[in-house]
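>>> give me a 3D structure for the following:
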Amino acid sequence: MTGANDDADDVARAPWIPGPRRAADDHADLTAETAYGDGDTDTDGRADRDADGHELADGHRDANGVGPPPEPQPEPEPEPDVPVLSHGVLKSLLGAWALSACSAGETRAVEDHLTACAPCADEALRLRDAVSLLHEDRDLDLDPLLRSRVLENCLGRRPARIPVPDWVTPYDAETARLDALLRDIGESEWHAPVRLKWYEQDRVVRRKATVAGVIGHLLAVDGLVAASLGLDDPLGAGTPELSPTERTEEFWSGLERPANRSLRGPWREQSHALIRTVSFAGRGVADLTVTYKDFALPLRDSLLERAFECWVHADDIANAVAYPYAPPSGAHLHGMIDLAARLLPAALAGRRRTGLASPARQLVAAGAPGRSLHLEVEGAGGGHWYIALDSPAAVGSPERAVAQVAMDGVEFCQLVAGHISPEEAAAGQDGDREAIRDVLFAAASLSRL
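Numbers count the residues shown, from 1 in each chain. Here you go, the predicted structure:
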């Protein structure tokens, strides 16, 4: 890079760069000096005044017609010493100059140089514009919706050749959010204690684990879905049919050493494999049955249930490591609530068989409207559901509603996850108290490890 002394054209094109504005306390006395009209003034143009600042009439002058002596003027600031610097040094000072971090002499030297060097003047303009973008109070946390906006923009420009089905996107989003959390935590935090909690037989069950242990749990239970699609089971080939809790205990006991961050890779690879396989499989795969030993779900609902559990345990991990973690998007949360609402009639029937719920009052034919509870979920992902009370084969109906429960969406999910008890749920209740109690306890019974 050469200076303008080597090329006269560069001098003509060099833009004028205003120097950094000086602070108010860097200036001399800023007190305004008022000019007066056609009255008597002294040699510096100011009216004659006495010691109190009052203007003197002719009678206040002395015998020689001279008023009080003028006030002493502040001495002008000395000119800064301008160092003689080479082109390379001046160029290296451009960043400090743009930030107003140069001394007075360096500032003068840089500004003199900018009037003669077009390339440095252009660079100074760019740096000055860049300084305007610096904001000390800007939040450094990424917008949680940034990923979805980027993907939406990319797919809008060039749609995916093999798109991810809509019913898979909650699982895709929640595994990606959990993976982002895991990337942010340190090595020691993988061993932070995590307190797991759920409901069994109307009592709270607690289990201590670690962050790595929770990822191992998700890996083991997601393996049920992987096995149903013909993918490798993380517990190994030939594993007998086990419940999610039994699979987790089997996986934990089979580890040669305590669970650590090395589990993140296999868990993330398995989640990617599930999404990729389902996307290539086509529409018919949504109705494939996934068996959980004690119950079964179609693949469509199974991946929604896995997305729900991924969020719940990600929240457990976030609480353990003091990491901010938001609920799922409204659309995904609505799907999770809808799944829980559809499972409630069967859960009620199961509790009734074991004597944990009140007997059925009005049995109806399959597919006919029966006694119902109106579940109103507020907030993001909310909506209205009518839960059949007497038989899972009956249809919930607004006309047959005997009770109503109103809850926040996240709070309802916390109840379904077993993180709050039915008694703790701040629900607005109206109508048949027995029906309300049965439904709230049935919602808590959906939880498990």
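>>> which stretches of the stretch 251-400 of the chain form helices?
264-281, 299-320, 330-353 (DSSP state H, counting those that start in this stretch).
>>> please identify the deepest-packed of the ones you listed.
helix 299-320 (a mean of 22; mean count of other C-beta atoms under 10 Å). Glycine gets a C-beta too; all of them are placed from N, C-alpha and C.
>>> angle of it against helix 264-281?
With axes from the mean of the first three to the mean of the last three C-alpha atoms, to 10 degrees applied, the angle from helix 299-320 to helix 264-281 works out at 160 degrees.
>>> what helices and strands are in contact with helix 299-320?
helix 169-184, strand 193-200, helix 211-228, helix 264-281, strand 289-291, helix 330-353, helix 409-416 (3 or more C-beta pairs under 8 Å, 6 or more residues apart in numbering; DSSP states H and E).
>>> buried ones in the first one?
So the one you mean is helix 169-184. 169-179, 181-182 (16 or more other C-beta atoms under 10 Å).
>>> can I get the residues you listed in a markdown table with pLDDT and distance to residue 267?
Converted to a markdown table, these look like this (pLDDT from 0 to 100; distance: C-beta to C-beta, whole Å):
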| residue | pLDDT | distance to residue 267 |
| --- | --- | --- |
| 169 | 94 | 19 |
| 170 | 96 | 17 |
| 171 | 97 | 13 |
| 172 | 95 | 14 |
| 173 | 94 | 16 |
| 174 | 96 | 13 |
| 175 | 96 | 8 |
| 176 | 94 | 12 |
| 177 | 94 | 14 |
| 178 | 96 | 9 |
| 179 | 95 | 8 |
| 181 | 94 | 13 |
| 182 | 95 | 9 |
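>>> now this structure, which segments are flagged as low pLDDT?
1-75, 77, 135-142, 144, 155, 426 (pLDDT under 70).
>>> burial measure for the closest residue to residue 241 other than its chain neighbours, as a count.
Using C-beta to C-beta, 6 or more residues apart in numbering and skipping the chain neighbours, the partner closest in space to residue 241 is residue 293 (5.3 Å). For residue 293, the neighbour count with other C-beta atoms under 10 Å is 14.
>>> for residue 293, give its distance to residue 432.
34 Å (C-beta to C-beta, to the nearest Å).
>>> my read: the residue nearest to residue 241 touches residue 239, true?
No: with contacts counted by C-beta atoms under 8 Å, residue 293 stays clear of residue 239, the gap being 11.7 Å.
>>> can I get the buried residues of helix 169-184 in TSV including distance to residue 334?
Converted to TSV, those look like this (distance: C-beta to C-beta, whole Å):
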residue	distance to residue 334
169	13
170	10
171	15
172	16
173	13
174	14
175	19
176	19
177	17
178	20
179	23
181	23
182	26
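>>> residue 423: which of those is nearest?
Using C-beta to C-beta, residue 174 comes nearest to residue 423 of those, at 28.7 Å.
>>> list the contacts for that closest one?
Applying C-beta atoms under 8 Å, 6 or more residues apart in numbering to residue 174 gives the contacts 307-308, 310-311, 314, 328, 332.
>>> residue 226 contacts residue 270, doesn't it?
Yes: counting by C-beta under 8 Å, residue 226 touches residue 270, with 5.9 Å between them.
>>> so what's in contact with the two at the same time?
residue 234.
>>> nearest spatial neighbour of residue 394, chain-adjacent residues omitted?
In this structure, residue 394 finds its nearest non-sequential neighbour in residue 370, 3.2 Å apart by C-beta to C-beta, 6+ apart.
>>> just say helix, strand or coil for residue 209.
strand (DSSP: H, G, I helix; E, B strand; the rest coil).
>>> how about the nearest residue to it, chain neighbours excluded?
residue 194 (5.0 Å).
>>> how about residues contacting stretch 327-344?
Against stretch 327-344 from outside (C-beta under 8 Å, 6+ apart): 148, 167, 169-170, 173-174, 301, 304-305, 307-308, 311, 375, 377, 380-383, 385, 387, 409-410, 412-413, 416, 439, 442-443, 446.
>>> what residues of stretch 351-361 count as buried?
351-352, 357-358, 360.
>>> equivalent analysis for stretch 226-236, please.
For stretch 226-236, by 16+ other C-beta under 10 Å, it's 226-228, 231, 233-235.
>>> quote the end-to-end distance of that stretch.
12 Å (C-alpha to C-alpha, to the nearest Å).
>>> change the start of the numbering to 38 and stick with it
Sure, I'll start counting at 38 from here, so that last one is stretch 263-273.
>>> show residues contacting it.
Here stretch 263-273 has contacts from 256-257, 259-260, 276, 279, 284, 287-288, 291, 303, 307, 310-311, 314-315, 318, 322, 325-328, 336, 339, using C-beta under 8 Å, 6+ apart.
>>> rerun at 10 Å
Around stretch 263-273, the neighbours that count as contacts under C-beta atoms under 10 Å, 6 or more residues apart in numbering are 253, 256-262, 274, 276, 278-279, 284-285, 287-288, 291, 300, 303-304, 307-308, 310-311, 313-315, 318, 322, 325-328, 333, 336, 339.
>>> any chance of the helices of the stretch 288-437 of the chain in CSV, with distance to residue 169 too?
What follows is the helices of the stretch 288-437 of the chain, written out as CSV (distance: least, C-beta to C-beta, whole Å):
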stretch, distance to residue 169
helix 301-318, 40
helix 336-357, 36
helix 367-390, 37
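>>> and those helices: which comes nearest residue 118?
helix 336-357 (57.8 Å).
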